[in-house]
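> Predicted model, plus sequence, below.
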Amino acid sequence: MSPFDAPYEPSPWEPIAEEVALYERSNGSEPSPMVGDSWIVLWTIGAKSGNVRKTPLVRIADGDGRYAVIGSMGGAPTNPQWVHNLRTLPLARLQDGAEVREFDVNEVEGDARSEWWTRANAVWPEYDAYQAATERHIPVFELTPRPADD
């Protein structure tokens, strides 16, 4: 049984729950009022609840099946909750369009972080401003596809 078989617990912040519903209705073909035209939905497992949590994020991909997610929260002083979830259980499910896949997750630093940060800024140029707005080091996670079950 996959941990993603757990119940889905929508975000208590209504704009996030609405964004997820919009994405799922349209398979991401409608632009996000918060995230723009190029977006995905990240599924994590709640570190405390064990429930599925879904978050709309900017789509950052390398073209070889890997993705990155950036814990910017617009430059807020604290990390988004999904960062804690990924650090607790480094496994994610990601919906990109109609495709839903599972990924192993690794928080990256050094050259890998720099490469992903550059890709991220090409898609969403505000990331540098977000980092400048906060004293915390914004975390970057690389998502690598898990082998499909046979």
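In hand now; what should we look at?
> can you give me the helices in this protein?
With DSSP state H, the ranges of helices along the chain come out as 14-26, 81-88, 110-123, 127-133.
> how about the second one as CSV, C-alpha atoms only?
Taking Å, rounded to 0.1, in the frame of the first residue of the first chain, the C-alpha atoms of helix 81-88 are listed here in CSV:
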residue,chain,number,x,y,z
GLN,A,81,4.7,23.1,5.7
TRP,A,82,5.3,20.8,2.8
VAL,A,83,9.1,21.3,3.4
HIS,A,84,8.7,19.6,6.8
ASN,A,85,6.6,16.9,5.3
LEU,A,86,9.4,16.1,2.7
ARG,A,87,12.1,16.2,5.3
THR,A,88,10.1,13.7,7.4
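> Check which residues of it are buried.
81, 82, 83, 85, 86 (16 or more other CB atoms under 10 Å). Glycine gets a C-beta too; all of them are placed from N, C-alpha and C.
> ok, of these, which one's closest to residue 50?
Of all these, residue 85 has the smallest distance to residue 50: 10.3 Å, by CB to CB.
> I'd say that closest one and residue 47 touch.
Yes - assessed by CB atoms under 8 Å, residue 85 is found in contact with residue 47 at 5.1 Å.
> how far is the biggest strand by length in the chain from where the chain is centred?
When the chain is scanned for its longest strand (criterion: DSSP state E), the result is strand 99-108. Centroid separation for strand 99-108 versus its chain: 9 Å, with CA atoms, centre = their mean, to the nearest Å.
> for stretch 44-62, same thing?
6 Å.
> So, low pLDDT: which residues of the protein?
149-150 (pLDDT under 70).
> what's the most distant pair in the buried residues of helix 81-88?
Among these, 81 and 86 lie farthest apart (CB to CB), at 10.0 Å.
> Next one: residue 8 relative to residue 49, how far apart?
11 Å (CB to CB, to the nearest Å).
> rewinding a little: which among the helices of the chain is found nearest to residue 97?
Per CB to CB, nearest to residue 97 of the helices of the chain: helix 14-26, 9.5 Å.
> who does the closest one touch, helix- and strand-wise?
The contact analysis (3 or more CB pairs under 8 Å, 6 or more residues apart in numbering; DSSP states H and E) places helix 14-26 against strand 39-45, strand 52-58.
> Out of those, the one nearest residue 25 is which?
Comparing the helices and strands packed on helix 14-26 under CB to CB, the one sitting nearest is strand 39-45, at 11.6 Å.
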